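[1] Here is a sequence with its predicted model. Questions after.
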Amino acid sequence: MTSLSPLKVVLASRNAGKLREFSELLPEMHFVLWPPHAPDLPETGAFFQDNALQKAEGARAWWLDHGGSLVDGVLADDSGLCVDALWGGPGVLSARFAADLPTYRDRNHHLLAMLPEGADRAARFVCVLAFAPMPGRWQGEPFIVSGAVEGSLAFDHRGEHGFGYDPIFIPDGYDQTFGELPSDIKHTLSHRARACAALRIRLLAGRD
Ligand code: IMP
């Protein structure tokens with residue numbers, strides 16, 4: 001496949017787990033981190049799509065106002081875990097769910113304890129990416145792409161790979177959680193990997 005290199009992109013996130021995954025999934029992109037002195041990016045929408053666009057456009061406006069270095073665009077991710085038995089929750093609230101608990105191990109146990117005995121354990125990870133091109137550097141309007149992976153909830157927190165809810169999510173076709181599976185397996189089937197594949201296709205098409 002034709003390379004996207006050398007594309008320089010601001011990643012509108014401070015989530016270390018996401019940064020690691022984007023660097024592995026899109027190795028031909030050079031990511032510029034969202035600076036520590038920059039404001040937190042609001043996510044007030046009801047849908048992943050709204051939040052991803054809000055973050056990408058907000059970050060692009062801040063970058064332009066503050067004379068950030070020359071980049072081709074801004075990438076924002078809004079993602080989360082949607083559990084059928086919790087009416088799709090925590091969904092867009094995944095980052096804020098049980099945020100008073102100190103660790104993801106605690107939050108994962110808390111989430112599992114919310115499921116009544118015998119409940120349907122079906123769940124999916126969803127990822128929406130928004131790319132906002134920098135004027136003069138890349139053609140076109142901001143756009144979104146998305147990816148999802150179906151699976152089910154484990155009965156306990158298992159494994160230490162990945163981040164967030166990975167240790168309680170078993171992708172369909174596997175017995176291990178994303179916390180137990182090596183990252184190269186997660187990267188063949190995850191919501192973020194699928195969204196990144198769609199992003200690469202869109203960006204390559206835009207470059208022609
Ligand atoms: P946001 O997109 O910044 O609102 O946060 C997404 C939240 O969803 C993260 O903080 C994690 O809790 C969760 N999440 C998203 N993607 C993943 C993943 O690949 N593994 C585990 N948890 C995830």
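    Looks like it came in fine. Numbering: from 1, shown residues only.
[2] Skipping adjacent residues, who's closest to whatever residue of the chain ends up closest to the ligand in space?
    As assessed by CB to the nearest ligand atom, the ligand sits closest to Gly164 within the chain, at 2.5 Å. Glycine gets a C-beta too; all of them are placed from N, C-alpha and C. Once flanking residues are discounted, Gly164 sits nearest to Tyr104: 5.8 Å by CB to CB, 6 or more residues apart in numbering.
[3] do Val126 as well
    Ala148 (4.8 Å).
[4] Please apply the same query to Pro6.
    With sequence-adjacent residues excluded and distances taken as CB to CB, 6+ apart, Pro6 is closest to His30, at 6.4 Å.
[5] what does the helix or strand containing the one you found rub up against?
    Assigned by DSSP states H and E, His30 belongs to strand 29-33. By CB atoms under 8 Å, 6 or more residues apart in numbering, the residues outside strand 29-33 that reach it are 4-11, 14, 19, 22-23, 68-69, 71, 75.
[6] any idea how far it is from the chain center?
    Computed by CA atoms, centre = their mean, to the nearest Å, the chain-centroid distance of strand 29-33 equals 15 Å.
[7] Helix or strand next in line after it, which one?
    On the C-terminal side of strand 29-33, the nearest following helix or strand under DSSP H and E is helix 48-65.
[8] what inclination does that following helix have with respect to strand 29-33?
    Following axes from the mean of the first three to the mean of the last three CA atoms, to 10 degrees, one obtains 80 degrees for the angle between helix 48-65 and strand 29-33.
[9] what's next to helix 48-65, contact-wise?
    With CB under 8 Å, 6+ apart, helix 48-65 has contacts from 10, 12-13, 34, 38-39, 41-45, 68, 71, 73-80, 91-92, 126-132, 134-135, 142, 144, 146.
[10] Likewise for stretch 7-18?
    19, 22, 28-34, 40-41, 55-56, 58-60, 63, 68, 70-77, 79, 95, 131, 162-164, 192, 203.
[11] Check the separation of the first and last residues in it.
    End-to-end span of stretch 7-18 (CA to CA, to the nearest Å): 18 Å.
[12] Now do that stretch, average pLDDT.
    Mean pLDDT, computed over stretch 7-18, is 93.
[13] buried set for that stretch?
    Leu7, Lys8, Val9, Val10, Leu11, Ala12, Ser13, Asn15, Lys18 (16 or more other CB atoms under 10 Å).
[14] Can you classify the fourth one as helix, strand or coil?
    Following DSSP: H, G, I helix; E, B strand; the rest coil, we place Val10 in the strand state.
[15] how close does it sit to Thr44?
    21 Å (CB to CB, to the nearest Å).
[16] And the helices in the chain, which stretches?
    16-25, 48-65, 104-113, 183-189, 191-207 (DSSP state H).
[17] And those helices: which comes nearest Gln176?
    Of all those, helix 183-189 sits nearest to Gln176, with 8.5 Å by CB to CB.
[18] So for that closest one, mean pLDDT?
    So the average pLDDT for helix 183-189 ends up being 97.
[19] what packs against it?
    Packed against helix 183-189 by the contact rule (3 or more CB pairs under 8 Å, 6 or more residues apart in numbering; DSSP states H and E) you find helix 16-25.
[20] Now Glu180: phi and psi?
    Phi and psi for Glu180, reported as degrees, to the nearest 10, are phi -100, psi -30.
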